[in-house]
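Asks: take a look and give me a structure for this.
(2 chains)
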Amino acid sequence: MSPTDAGTGKVLEVSELSIDFVTDSGAVPAVKGVDFSVKAGEILAIVGESGSGKSVTARTALGIMAENGAARGAVYLQGQNMLTASGAQLRAARGRDVSMVFQEPSTALNPVYTVGWQIMEGIRAHTRMSKKEARSRVIEAMGQVGIPDPERRVDYYPHQFSGGQKQRVVIAAALAMKPSLIVADEPTTALDVTVQAEILALLREVRDELGTAIVIITHNMGVVADIADRVIVMNKGLVVEQAAATTLFENPGQDYTRSLLAAVPHLGRNSASEGLTERPHAQSKVLVEAKDLYIHYPGRLGAPGFTAVDEVSFRIHAGEVYGLVGESGSGKTTIGRTIAGLNRMTAGSLQVLGYEMAEFKERSFKPLRQDIGFVFQDPAASFNPQLTIGECVAEPLNVHRELTPRATRDKVAALLESVQLPSSYAGRYPHELSGGQRQRASLARALALDPKLLIADEPTSALDVSVQAKVLELFKQLQQEHGFAALFISHDLAVVDMLASWVGVLLRGKLVEEGLGSAVLSAPKNPYTQRLIASLPVPDPREQAKRRALIEELNRNS
Amino acid sequence: MVATTPVSEAKIGAPWWLRLPVVSHLRMSSGLQRGMLIAGLALTALLLLTALFAPLIAPFDFAQNADATGAFPRQSAPDDKFIWGTTVSGYDVFSRTMYGARTAVWVIVAAVLMSIFLGVFLGLVSGYLGGWFDRVMVVLNDAIYAFPSLLLAIVMSIVISQGQSSLFGGIMAAAISITVVFIPQYYRVVRAEVIRLKAEPFVESAQVIGASGWRVMFTHLLRNATRTLPLIFTLNASEALLTLAGLGFLGFGIEPTAASEWGFDLNRAMSDATSGIWWTGLFPGLAIVMTVLGLTLVGESMNDLNDPRLRRISRRKAKRMIQMGTKA
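Replies: Numbers count the residues shown, from 1 in each chain, chains lettered A, B, ... in the order given. Predicted coordinates:
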């Protein structure tokens, strides 16, 4: 321990850190000479797109390194170099000086132990204290993170908590030893926006009350604006910019930061229904009509089933983009899959292109399939890894049209060009394309037969913001050119507002609000929609501070 | 994401022959894992070469117990003429062991090929269609699992060849009985994989397009579900050989005049062992051990190399790669 570090109050100091990963194709540099430090009681956000090296950098603070990684430079935690520390030194430091909050709270907790046991494990690894004392420490920690009734719930198992509460438990475990630094790796990415707002508020509270320094890794600029004091922008293993949060958002110093900020969808900007007063296309033919649509999944062995969609009625007209918004479990994906014939409905009525889905038979529905395109969420998984992009895009043509191989090839080339991919990509395999390119190819496949209806299920949520912006732009342009109707499903209100003129909001299987995008998002009527919109962090620290006050007020009233 | 992209980036630019299963495994291995793989490959190559050139290597025929100079001595110790000695019937142990490789390879190839085609097909159809067909198939395959495999093989060999055994009949009897035992293994692996893949978006995207069941099964599922088969193939090959040796040892194998078979020779060598005649049992036994060891080493190394989490990069190779990376 060097006294100088303690004097300046630096909890973490990273200098000249470089990390290489050894893979089959040679060494890949992931981090190239990174310097930064974190002061006590500071919240530092490391932002960057996937592959920027933000996670591996932050994880070195705990001495966590993948087996095929090699690090150079130095990472001082409380004056101790974590890169050269021995296993015993690392174990002593983890939990006591530094701890970690992971992205997915449901996998970070072990399902066969009670949460109390799991929090206690960290305490008992560092201090000799009786079970009783440890237990009271655990209850205290759980109370601190806002879990109601901690005396009783300390003996609950992880599955008895909701996702947000599980993340609170993970934070309680991280706080149990009162470490001086917490590394949070995308702590809210797996959570819904309303829960995300609560977790961010909790992290801020932890900092204010305990003076814990927090390094938060995220790709979400809204989260950064909400919580960070200082921001490090990383790209391709290098620190692009390092600045205070307000300065960074108002006056970004680098082109990369500017382009990154410009790509973030901002609620209320670029609205597709801007200036409209009534529903466009309302006079056009109705392509999809749901009346009291009810979808129920039966439970196992007498357990009660789950109602995914509960008496939902809506219409999609020809040429219209219908935006369906909801948090996880709201039934939005189920509706999309049912329209495409991937799920069966239980009751009510659903007319798709004049076909009643209540009497669904694959054989009679098959001819209609050429009029329905589908874009899946994960572009990596929606292509057969063994087929080339050309073969994948040509599949609808092979199934529904009898074309000569030459005509098919020409059509595929034209389709790829229409989604701004070079036609030579037809010979590549899916994994040779980037995420954005794959999603473009996925659009090309969905449009191969000129469908009347396109169902897009969270098509951009697996993509980085800068890529997402380009794919959304392309989607908008193709929709205008081809004039197909689209059901656009997303959890991101800002994205939906950019594309859809008519928006429906789902809450636990019920359609709670429906209307023009700009109207629903600027003046929501339903209390849930109000809370949903208020929870969405905007990439502007000053505006976000106002919104935060609004959420707190909404929470007090409810 | 790693799981859905089976072909790693490194192999894409390489010519097709470098992407073949065993060759690509050899290229990505290093250190001890590479040593194991090479040892296995050497033993397997030795088996194949012996089988191919048996007539050239062996000085006598496998069922030959006399030549121009008269009948061979019985149970004679290794000497210049009979380098591994002779058996109780006067056969040359060296020649029989060499020819035994042929029988072994034939049975392995026939058994594994038959069980692979049937098992993969049944697994694919039953996993994709589900329903009553799937349930019946699962119960049937579980029933086969419940029998001791050697007992089942004995029953099958009696049913198929009724005890008589020509070269072809004997080999086929052994192969078919092994096939019956192995079908459930391929069936289970492929069925489990198909059920997993069925929920993958790329299968659903084919269904949304309107592709028929056969198209989904054979263009989308088959190639993705059979990635682990080279591994089971090698491990099963060694087990097939053990089953064949077991059958021969129990006397359900191939007559010594029809073909040479290691298990049968071991059976005959049993009484020799107590009277100090070691050469009749040692060499066929060693042949079995070497073959099984070789095939298992290949299979196990492939298993470890297929999984990036089990694959080790030796310290020297890692150092070299980092140095190359920083220079570039």
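
Asks: pLDDT weak spots in chain A?
Replies: A:1-8, A:24-25, A:301, A:558 (pLDDT under 70).

Asks: residue numbers of the stretch 101-250 of chain B in contact with chain A?
Replies: For the stretch 101-250 of chain B, the contact set with chain A under CB under 8 Å from any CB of the partner chain comprises B:200-202, B:204-212, B:215, B:219-220, B:223-224. (Glycine included, C-beta is placed from N, CA and C.)

Asks: just checking, which of those belong to helices?
Replies: Under the assignment DSSP state H, those contribute B:P201, B:F202, B:E204, B:S205, B:A206, B:Q207, B:V208, B:I209, B:R215, B:R223, B:N224 to helices.

Asks: for the first one, report the pLDDT, please.
Replies: When you say that, I think you mean B:P201. The score at B:P201 is 87. That number is its pLDDT.

Asks: residues in contact with it?
Replies: When contacts are counted by CB atoms under 8 Å, 6 or more residues apart in numbering or on different chains, B:P201 touches A:F376, A:Q377, A:D378, A:A381, A:S382.

Asks: could you dump the residues you listed to a markdown table with distance to chain B?
Replies: As requested, the contacts of B:P201 are arranged in a markdown table below (distance: CB to the nearest CB, whole Å):
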| residue | distance to chain B |
| --- | --- |
| A:F376 | 4 |
| A:Q377 | 8 |
| A:D378 | 6 |
| A:A381 | 5 |
| A:S382 | 4 |
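
Asks: closest one of these to B:L247?
Replies: B:L247 lies nearest to A:A381 out of the contacts of B:P201, by CB to CB, at 45.6 Å.

Asks: ignoring the adjacent residues along the chain, who's closest to that closest one?
Replies: B:P201 (4.6 Å; CB to CB, 6 or more residues apart in numbering or on different chains).

Asks: quick one: the one you found from B:Y128, how far?
Replies: Using CB to CB, to the nearest Å, we find B:P201 at a distance of 16 Å from B:Y128.

Asks: need phi/psi at A:F306.
Replies: Reported as degrees, to the nearest 10, the phi and psi values for A:F306 are phi -130, psi 130.

Asks: would A:E278 count as being in a helix?
Replies: No: checked against DSSP: H, G, I helix; E, B strand; the rest coil, A:E278 lies outside a helix; its state is coil.

Asks: where in the stretch 201-328 of chain B is pLDDT low?
Replies: Flagging of the stretch 201-328 of chain B using pLDDT under 70 yields the residue ranges B:253, B:307-309, B:312, B:325-328.

Asks: could you pull out the helices for it?
Replies: In the stretch 201-328 of chain B, the helices defined using DSSP state H, counting those that start in this stretch lie at B:201-209, B:213-215, B:222-225, B:229-249, B:262-274, B:279-306, B:315-327.

Asks: ok so, going back, could the contacts of B:P201 be laid out in CSV, adding distance to A:A523 and neighbour count?
Replies: What follows is the contacts of B:P201, written out as CSV (distance: CB to CB, whole Å; neighbours: other CB atoms under 10 Å in any protein chain shown):
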residue, distance to A:A523, neighbour count
A:F376, 33, 24
A:Q377, 30, 20
A:D378, 34, 22
A:A381, 38, 23
A:S382, 37, 29
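
Asks: ok, those vs B:L43, which is closest?
Replies: Taking CB to CB as the measure, A:A381 is the one of the contacts of B:P201 closest to B:L43, at 39.8 Å.

Asks: would you say that closest one is within a strand?
Replies: No: with three-state DSSP as the criterion, A:A381 is coil rather than part of a strand.

Asks: please report phi then psi for it.
Replies: A:A381 has phi and psi values of phi -90, psi -10 when expressed as degrees, to the nearest 10.

Asks: same check on A:S382?
Replies: Summarising the backbone geometry of A:S382 under the convention degrees, to the nearest 10, its torsions are phi -90, psi 0.
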